[in-house]
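Peer 1: Can you look at this prediction? I've put the sequence above it.
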Amino acid sequence: MKKPNMDLLSIIGAILALIAIVGGNLLEGGEAGQLFQLTALLIVGGGTLGAAMIQTSLPVFLRAMQMARWVFFIPQINLEATLEKVVNWSHMSRREGLLALENASESESDLFSRKGLQLLVDGNEPAVIRNVLETEISVIEQFELQAAKVYDTMGGYSPTIGILGAVMGLIHVMNNLADPGKLGSGIATAFVATIYGVGFANLLFLPMAGKLKALVHQRIMQYEMLMEGIVSIADGDNPRNIESRLQSYLH
């Protein structure tokens, strides 16, 4: 399996956002430690995660956790290589027949490609192949988009739970008005919880959701490209015609 590509833009963006917030706080005369409150982090992080878990089914939630690494390590989606692979399959089928693709099917690491080639080798009609692969694409797209939307959900809950943390901090302050020594920590928790809620939503969860949904659409485009190529091979199209048709996906 090919290693995913590290996304430098996402890494730079995350570092820039962190520097901007911490640096802005320092310029205002604050201290970096003021922005790190374990209690506020526990309330906002744990509350947001718990709310998302209540709303989401287990398979979708687990897939969302797996996809989180895509934000910084993008799975390889190379449409040029996919085009070249399909054209090679087309030449092979014209020279040696569809049964020659069985070896190519067995060596494929991508399950979707393997399934499409196996449908070809089994001698299915082009309409049947298209129907099966379209269903497969639809199921994959819906499942992975649901997983990406888990971060949309977390981005929606996070600010509200931050406000909840702020109210809890203020309650702590009110309960300790007679003890000035405890007022500072309560007020800090209150305001930092709000920062965490809004910050996690707008600097982490919502950008992650947008990035993951864009990557899912790219993967689906690659699968659609593979489907069109496999159906064209089943139709007996000329390799040059297949290549010309699939080149539109590169633009």
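Peer 2: Perfect, I can see it now. This is a predicted model, so every value here is computed, not measured. Numbers count the residues shown, from 1 in each chain.
Peer 1: So which residues make contact with the one helix or strand residue 48 maps to?
Peer 2: In this structure, residue 48 sits in helix 47-55 according to DSSP states H and E. Applying C-beta atoms under 8 Å, 6 or more residues apart in numbering, the contact partners of helix 47-55 are 61, 150, 153, 154, 157, 158, 161, 164, 165, 197, 200, 205. Any C-beta I mention is one placed from the backbone N, CA and C, and that applies to glycine too.
Peer 1: ok now whichever helix or strand comes after that helix, how far from the chain's centre?
Peer 2: Counting by DSSP H and E, the next helix or strand C-terminal to helix 47-55 is helix 58-67. Distance of helix 58-67 from the chain centroid (C-alpha atoms, centre = their mean, to the nearest Å) equals 10 Å.
Peer 1: So which residue is dead centre in the chain?
Peer 2: For the chain, residue 212 is the residue whose C-alpha lies nearest the centre (C-alpha atoms, centre = their mean; 2.7 Å).
Peer 1: follow-up on the earlier one: list the buried residues of the helix holding residue 48.
Peer 2: By 16 or more other C-beta atoms under 10 Å, the buried positions in helix 47-55 come out as 47, 48, 51, 52.
Peer 1: Would you mind giving those as CSV with pLDDT and distance to residue 238 added?
Peer 2: Listed next are the buried residues of helix 47-55 as CSV, based on pLDDT from 0 to 100; distance: C-beta to C-beta, whole Å:
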residue, pLDDT, distance to residue 238
47, 94, 60
48, 95, 55
51, 94, 55
52, 94, 50
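Peer 1: Spatially nearest residue to the residue nearest to the centre of the chain, not counting backbone neighbours?
Peer 2: Closest residue to residue 212 apart from its sequence neighbours, by C-beta to C-beta, 6 or more residues apart in numbering: residue 148 at 3.7 Å.
Peer 1: Do I have it right that that neighbour meets residue 65?
Peer 2: No: here residue 148 does not reach residue 65: they are 11.8 Å apart, not a contact under C-beta atoms under 8 Å.
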